[in-house]
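K.L.:
Build me a structure from this.
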Amino acid sequence: MLIYDYKNTDKSFFAKIEFEYINSVNEIINSVKTGGDNAVREYTKKFGDGDINSFKLSDDEISEAINKIDKDTINSIQYAIKNVSEFAKAQLASIKESEVNISGNILGHKIIPIESVGCYIPGGNYPLPSTAVMTIVPAKIAGVKRIVAVSPKIKPVTVAAAHLSGADEIYKIGGVQAIAALAYGTESIKKVNKITGPGNKYVTAAKKHVYGECGIDFLAGPSEVLIIADETANPKFVAADMLAQCEHDKDARAFLISTSKDFVLKVKNHAESFLETLQTKDIAKVSFEKSIAIVVDNINRAVQISNQKAPEHLELCFKNSKDFINEFTNYGSLFIGNYSAEVFGDYVSGTNHTLPTNQVAKYSGGLSVFDYLKIQTYQIISETALNKTAEYASKLAKEEGLYAHKLAADIRNNKE
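P.N.:
This is a model prediction of the structure:
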């Protein structure tokens, strides 16, 4: 871990990852658009996911997968589903359909679920049943009619999580070819209206490519955590949380801002000690060595740096941290207090772990029930308010030089 004084902070701390244009992504997407199932099958085999004849899991295959999972794991998945469901229901209840009278006209909005979504569940370094819960459950609560899950080299535990979360269709494909199949459709996979879920740089590039053909949640880079701590924090907790982030992959990063250099050194020592026996040390060590700690002279400085960084996960482990939460404005998800580990949000607490990285938190929040809804407006122009409404609309249309617009207003106001 690299350690800096805030005055000499390395610029890489604030660097954004530029999403490169990957020619192979364009090639795969175009192949799937024209070749359909055969192209998906070809790339699935080429990239080591096996020679798959039928992409969709049958009911028997789903039952077989679930029967392979031990009871404790099933209980853990169901506990996560329960909490994520309840939080999504609370979020859904916070928005209402609305209708108001403005200047004599009736205006309103409807809340309508997206009809179909594709949930991408990574299957690279690790199976991620938690991502099945996080992407599928909010869609189910929102009322999405068709929920499709895709995952490469799909493990029984991921199948179980996807099914228990409410997926209507589960496909054992992944990568760029899966994104293309969801966006454009093939002979056996109907296209969807929106794609959600994280993935590697190729999946992210593919989501960027197909945006417009369908919706996406956001473009996310490697996972990251920023922890702000003072001498009251537990250095073992902080070290473990940093390594939890680092083990995702070699590009993941953990950042620490502290008012105490001694505390930073304690965290570093504990992390290095944990790494000696950590099963994922081959990945975590590489990421941890490139992670950064910054020593600041006060918490206000830490707040300033954090808002500029806009981290995916933000942990507050300092005295009276609750008094500062309104000062933080840019983050994917906030974890307040020494016991609020990011791992709980990853799995079971109820908030979502599909979060904006790479400073996307400056303009977007994490995945939620809201991402599966459309807020669509309507209006009823009354005869009593028609005169003024049409008069002002006509004047503005004339100013813009749009005379058919003017005509459409005037003809209703008996001016034409």
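K.L.:
Please work out how many residues are found near Gly401.
P.N.:
Per other Cβ atoms under 10 Å, the neighbour tally for Gly401 reads 8. (Glycine included, C-beta is placed from N, CA and C.)
K.L.:
That one: what's it in contact with?
P.N.:
Contacts of Gly401 were listed using Cβ atoms under 8 Å, 6 or more residues apart in numbering, and none were found.
K.L.:
Check it and give its pLDDT.
P.N.:
For Gly401, the pLDDT comes out at 97.
K.L.:
can you check Asp10 too?
P.N.:
Reported pLDDT for Asp10: 69.
K.L.:
For the lowest-mean-pLDDT helix or strand in the chain, name the packing helices and strands.
P.N.:
The helix or strand of the chain with the poorest confidence is strand 2-5; it has a mean of 84 (mean pLDDT, DSSP states H and E). Strand 2-5 is packed against helix 261-275, strand 292-295, with contacts defined by 3 or more Cβ pairs under 8 Å, 6 or more residues apart in numbering; DSSP states H and E.
K.L.:
Format these as JSON lines; extra columns: mean neighbour count, distance to Lys46 and mean pLDDT.
P.N.:
Below are those laid out as JSON lines (neighbours: other Cβ atoms under 10 Å; distance: least, Cβ to Cβ, whole Å; pLDDT from 0 to 100):
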{"stretch": "helix 261-275", "mean neighbour count": "18", "distance to Lys46": "35", "mean pLDDT": "97"}
{"stretch": "strand 292-295", "mean neighbour count": "22", "distance to Lys46": "38", "mean pLDDT": "95"}
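K.L.:
Identify whichever of these lies nearest to Glu231.
P.N.:
Glu231 sits nearest to helix 261-275 of all these, at 5.3 Å, using Cβ to Cβ.
K.L.:
Give the other helices and strands that that closest one contacts.
P.N.:
Packed on helix 261-275, when contacts are counted by 3+ Cβ pairs under 8 Å, 6+ apart, are strand 2-5, helix 235-246, strand 253-258, helix 281-289, strand 292-295.
K.L.:
Show me what the third one is packed up against.
P.N.:
Contacts of strand 253-258 with other secondary structure elements, assessed using 3+ Cβ pairs under 8 Å, 6+ apart, are made with strand 224-229, helix 235-246, helix 261-275, helix 281-289, strand 292-295, helix 299-309.
K.L.:
which residues touch it?
P.N.:
Contacts for strand 253-258 (Cβ under 8 Å, 6+ apart): 1, 13, 222-230, 233, 238, 241-243, 245-246, 264, 267, 287-288, 290-296, 302, 305-306, 309, 311.
K.L.:
per the record, what domains does the protein have?
P.N.:
Using automatic domain parsing, the domain ranges for the chain come out as 2-17+221-349, 23-216, 382-413.
K.L.:
got the buried residues for the last one?
P.N.:
Within domain 382-413, the residues that qualify as buried are Leu386, Thr389, Ala390, Ala393, Ser394, Ala397, Lys406, Ala409, Asp410, Arg412, counting by 16 or more other Cβ atoms under 10 Å.
K.L.:
For these, give me CSV that also has secondary structure, pLDDT and distance to Thr351.
P.N.:
Converted to CSV, the buried residues of domain 382-413 look like this (DSSP: H, G, I helix; E, B strand; the rest coil; pLDDT from 0 to 100; distance: Cβ to Cβ, whole Å):
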residue, secondary structure, pLDDT, distance to Thr351
Leu386, helix, 94, 48
Thr389, helix, 96, 44
Ala390, helix, 96, 48
Ala393, helix, 97, 44
Ser394, helix, 96, 49
Ala397, helix, 97, 47
Lys406, helix, 96, 50
Ala409, helix, 96, 47
Asp410, helix, 95, 53
Arg412, helix, 93, 49
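K.L.:
Now do the contacts for the residue nearest to the spatial centre of the chain.
P.N.:
For the chain, the residue nearest the mean C-alpha position is Thr354 (3.2 Å; Cα atoms, centre = their mean). Thr354 makes contact with Thr131, Met134, Thr135, Thr196, Gly197, Pro198, Asp217, Ala220, Gly366, Leu367, according to Cβ under 8 Å, 6+ apart.
K.L.:
Is the nearest residue to it once chain neighbours are set aside within a helix or a strand, and which one?
P.N.:
Of all residues not flanking Thr354 in the chain, Leu367 sits nearest, at 3.8 Å (Cβ to Cβ, 6 or more residues apart in numbering). Using DSSP states H and E, Leu367 sits within no helix or strand.
K.L.:
what's Leu367 in contact with, if anything?
P.N.:
With the criterion set at Cβ under 8 Å, 6+ apart, Leu367 makes contact with Met134, Thr135, Pro138, Thr196, Asp217, Asn352, Thr354, Leu355.
K.L.:
what does Leu265 give?
P.N.:
Residues in contact with Leu265 (Cβ under 8 Å, 6+ apart) are Ile3.
K.L.:
What of Asp297?
P.N.:
So Asp297 contacts Tyr6, Thr259 (Cβ under 8 Å, 6+ apart).
K.L.:
Just confirm it is within a strand.
P.N.:
No. Under DSSP: H, G, I helix; E, B strand; the rest coil, Asp297 sits outside any strand and is assigned coil.
K.L.:
pLDDT score assigned to it?
P.N.:
The model reports Asp297 with a pLDDT of 94.
K.L.:
from now on call the first residue 181
P.N.:
That works, and once the first residue is 181, the last one we named lands at Asp477.
K.L.:
any idea how far Pro302 is from Asn203?
P.N.:
Relative to Asn203, Pro302 is positioned 22 Å away (Cβ to Cβ, to the nearest Å).
K.L.:
scratch that, Gly323 is what I was asking about
P.N.:
Separation of Gly323 from Asn203 (Cβ to Cβ): 39 Å.
K.L.:
These two: who's more crowded?
P.N.:
Neighbours were counted for Gly323 and for Asn203 using other Cβ under 10 Å; Gly323 has more, 15 against 8.
K.L.:
Not counting sequence-adjacent ones, nearest residue to the more buried one?
P.N.:
Here the residue nearest Gly323, using Cβ to Cβ, 6+ apart, is Pro293, at 3.8 Å.
K.L.:
swap in His343?
P.N.:
Ile242 (5.2 Å).
K.L.:
right, and the helix or strand after whichever helix or strand Lys387 is part of?
P.N.:
Lys387 is part of helix 381-390, with elements assigned from DSSP H and E. Later in the chain than helix 381-390, the nearest helix or strand by DSSP H and E is strand 395-396.
K.L.:
Done for today, thanks.
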